[in-house]
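Undergrad: Sequence and predicted structure, then a few things I'm wondering about:
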Amino acid sequence: MSEFLTSRKKDYSLWYNELVKKAGLAENSAVRGCMVIKPYGFSIWEKMQSALDTMFKETGHSNAYFPLFIPKSYFSKEASHVEGFAKECAVVTHYRLRNSADGKGVEVDPDSKLEEELIVRPTSETIIWNTYKNWIQSYRDLPLLINQWANIVRWEMRTRLFLRTAEFLWQEGHTAHETEKEAREETLKMLDVYRKFAEEYLAIPVYSGIKSESEKFAGAVDTYCIEGLMQDGKALQMGTSHFLGQNFAKAFDVKFSSRTGALEHVWGTSWGVSTRLMGALVMAHSDDDGLILPPKIAPLHVVIVPIYKSDDEFTRVSEVALKILSEIKSLGLTVKFDDRKDHKPGWKFSEYEMKGVPVRIALGPRDLQNGTAEVSRRDTKEKKLYAISTLEKEIPKLLDEIQKNLFKKALDWRTQNTCQANDFAQFKKVLDETPGFVMAHWDGTKETEERIKDETKATIRCIPVDGSAEKGKCMVTGKDSARRVVFARAY
RNA sequence: CGGGGUGUAGCGUAGCCCGGUUAGCGCACUAGACUGGGGGUCUAGAGGUCGCGGGUUCAAAUCCCGCCACUCCGACCA
């Protein structure tokens, strides 16, 4: 239908890349692997931030900020942590430039070599736990519930806008607790905050569960995650929450005097979501005409497009449009009257469809005569005439319905593309025929997991934490399995 | 990081194999007119270090070498 975007069917990757650029979300920068997040894209991220931030505050967390740079030595303190991140760290070795000898540019001043090199944070556990050491002495200092909004750098070989970039924005929560039980509860609480955010705001249903040993965060005892299903049948990890045990407390010597007077290491968690959620949002809902945004995170809820011929008509249409505008605005919604004269209505329609604005109101002379307005919803592209006097009531209802419909569509999609497989041959067949999640029994060993990955490219996305356990036999080895786990090919 | 592909105006591209006019076209842009309920029409115009750097040649977008970026596949990873 649209010639402005490559269709999803023709080339899903290209569709995604084009959409991200054409909807004004982001573009590649002059720096390899790094993106520029454009104003419209950033305003969506801000909506996500604000919803999440509120949820973090409601669960007792405070924001703080820790340095971008981490002394190299900190990394060696937690063995598996350094092993996990070593290969993708940017390192600062010098602190000064000088004019080059030929006078044509600048070069690194060799005299400015740092005594201890600094790592650009790929995540902040080490610097934060090093700081917590000074903040925590007594059980009275606990729990310590901190979040930080920050940029981080992971030197990726293969990058894609939002999904995997060398630098990205995220939030990382880092908490310290008196007991294992409390830290485990925190881990699951924040996992559920993420699940709720994904489902209620982004309108993306997710499976939450625990990662297998080989997929877990370097330095964690347990890693939990939420996994969403994209329209191409690939899974996307949308957030993680880690139970750190006492690993970092021990590595950084963070101890407290307990209620009984004993000196104990604290228990930790960390959890994060990133601008990758922007990619999830695009791939979960959008179509061949452009972006589709759930109203709860759309920067602009409603756009009003005037239809007119003469200046006189424009004046009369504007008058009514502005009235509608202020009515909708007073409902707490964001609304824009696009009175630009340099584009025709049809052009504007396509433009706002590309940008995913949930509701469009077209208003022309005919409407003025009849007291109506043409209301079009982005998700279904369905148009309806409403009496102008009812807009104030109908628009919020419509937005609500769009939010629900998007979630339902995404849920239906996931349901249709979640299959069970009972043997390995069936597993492979299902993966190819209905790309998506496959629930299958697994014997719990690393070897079997590896073999499945090698032969099918599918990985264990998570081991569901809730829901009913169902005993069975591993689809590969036939050994006992306590429950089905979630497999998929993933981003 | 290995293998393939691509890089020409803001975007999309032709030309490159086989070197030789002023690098062509569509969209967008500027001016004006007519237009206006799903990306309008006409007229006139502006816009190019042909990714960057070397080399070969009388002559390079075109051939050779190096680099950079993007992209796909693999490895690695969130």
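TA: Right, received. Where do you want to start? Numbering: from 1, shown residues only, chains lettered A, B, ... in the order given.
Undergrad: Up against RNA strand B, what does the stretch 301-450 of chain A have?
TA: Neighbours of RNA strand B within the stretch 301-450 of chain A, by CB under 7 Å from any atom of the strand: A:307-310, A:341-351, A:353-354, A:362-367, A:373-374, A:376, A:381, A:383. Where you see a C-beta, it was placed from the backbone N, CA and C, and this is true even at glycine.
Undergrad: can you count the residues close to whichever residue of the stretch 151-300 of chain A sits closest to RNA strand B?
TA: Of all residues in the stretch 151-300 of chain A, A:Met157 sits closest to RNA strand B, at 3.6 Å by CB to the nearest atom of the strand. Per other CB atoms under 10 Å, the neighbour tally for A:Met157 reads 9.
Undergrad: How about the one 3 residues further on?
TA: Using other CB under 10 Å, A:Arg160 is surrounded by 17 other residues.
Undergrad: quick check, A:Leu277 in a helix?
TA: Yes. The assignment for A:Leu277 by DSSP: H, G, I helix; E, B strand; the rest coil puts it in a helix.
Undergrad: Point out where the stretch 351-491 of chain A drops to low pLDDT.
TA: A:467 (pLDDT under 70).
Undergrad: in it, which spans are strands?
TA: Here the stretch 351-491 of chain A has its strands, by DSSP state E, counting those that start in this stretch, at A:359-363, A:372-377, A:383-387, A:418-421, A:437-441, A:459-464, A:472-473, A:480-481, A:484-488.
Undergrad: got the contact list for A:Lys47?
TA: Shown in contact with A:Lys47 (CB atoms under 8 Å, 6 or more residues apart in numbering): A:Lys296, A:Ile297, A:Ala298, A:Pro299.
Undergrad: Correction: the previous question concerned A:Leu161.
TA: A:Leu161 touches A:Asn17, A:Val20, A:Lys21, A:Leu25, A:Ala26, A:Glu27, A:Asn28, A:Met35, A:Gly279, counting by CB under 8 Å, 6+ apart.
Undergrad: mind listing which of those are in strands?
TA: Counted as lying in strands by DSSP state E, out of the contacts of A:Leu161, are A:Ala26, A:Glu27, A:Asn28, A:Met35.
Undergrad: Please identify which of the residues you listed is nearest to RNA strand B.
TA: Among those, and counting by CB to the nearest atom of the strand, the member closest to RNA strand B is A:Asn28, at 4.4 Å.
Undergrad: Near the closest one, how many residues? Count them for me, please.
TA: Residues near A:Asn28, counting by other CB under 10 Å, number 16.
Undergrad: State the number of residues packed around A:Ala425.
TA: Neighbours around A:Ala425, by other CB under 10 Å: 10.
Undergrad: oh sorry, the question was meant for A:Met48
TA: 20.
Undergrad: rewinding a little: now tabulate the strands of the stretch 351-491 of chain A in a markdown table and tack on mean neighbour count.
TA: Listed next are the strands of the stretch 351-491 of chain A as a markdown table, based on neighbours: other CB atoms under 10 Å:
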| stretch | mean neighbour count |
| --- | --- |
| strand A:359-363 | 23 |
| strand A:372-377 | 20 |
| strand A:383-387 | 13 |
| strand A:418-421 | 17 |
| strand A:437-441 | 25 |
| strand A:459-464 | 22 |
| strand A:472-473 | 15 |
| strand A:480-481 | 16 |
| strand A:484-488 | 24 |
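Undergrad: Return the backbone torsion pair for the closest residue to A:Gln246 other than its chain neighbours.
TA: Closest residue in space to A:Gln246, ignoring its immediate chain neighbours: A:His265 at 4.2 Å, by CB to CB, 6 or more residues apart in numbering. Dihedral pair for A:His265: phi -80, psi 150, per degrees, to the nearest 10.
Undergrad: for A:His265, what are its contacts?
TA: A:Gln246, A:Ala249, A:Lys250, A:Val254, A:Lys255.
Undergrad: looking at it, the last one is touching A:Glu264, isn't it?
TA: Yes. Counting by CB atoms under 8 Å, A:Lys255 does reach A:Glu264; the two are 6.3 Å apart.
Undergrad: what sits against A:Ala249?
TA: Listed by CB under 8 Å, 6+ apart, the contact set of A:Ala249 reads A:Trp129, A:Ala176, A:Lys255, A:His265, A:Val266, A:Trp267, A:Gly268.
Undergrad: Name the member of these with the most neighbours.
TA: A:Gly268 (30 neighbours).
Undergrad: Please, where are all the helices along chain A?
TA: Remark: helices assigned in chain A by DSSP state H are A:12-22, A:39-58, A:72-75, A:79-85, A:125-135, A:180-200, A:247-251, A:276-285, A:311-329, A:345-355, A:365-370, A:391-416, A:424-433, A:446-456.
Undergrad: most packed of those helices?
TA: Greatest average neighbour count among those goes to helix A:276-285 (a mean of 25), per mean count of other CB atoms under 10 Å.
Undergrad: Now do that one: distance to the chain's middle.
TA: Relative to its parent chain, helix A:276-285 has a centroid offset of 7 Å by CA atoms, centre = their mean, to the nearest Å.
Undergrad: orientation of that helix relative to helix A:12-22 in degrees?
TA: If you take axes from the mean of the first three to the mean of the last three CA atoms, to 10 degrees, helix A:276-285 sits at 120 degrees to helix A:12-22.
Undergrad: name the helices or strands packed onto helix A:276-285?
TA: Under the contact criterion of 3 or more CB pairs under 8 Å, 6 or more residues apart in numbering; DSSP states H and E, helix A:276-285 touches helix A:12-22, helix A:39-58, strand A:222-229, strand A:235-245, helix A:391-416.
Undergrad: How far away from the center of its chain is the longest one?
TA: Taking CA atoms, centre = their mean, one finds the center of helix A:391-416 at 20 Å from the center of the full chain.
Undergrad: Show me what that helix is packed up against.
TA: With 3+ CB pairs under 8 Å, 6+ apart as the test, helix A:391-416 has strand A:222-229, helix A:276-285, helix A:311-329, strand A:359-363, strand A:372-377 packed against it.
Undergrad: One more pass at 6 Å, please.
TA: Packing contacts for helix A:391-416, counted by 3 or more CB pairs under 6 Å, 6 or more residues apart in numbering; DSSP states H and E, involve helix A:311-329.
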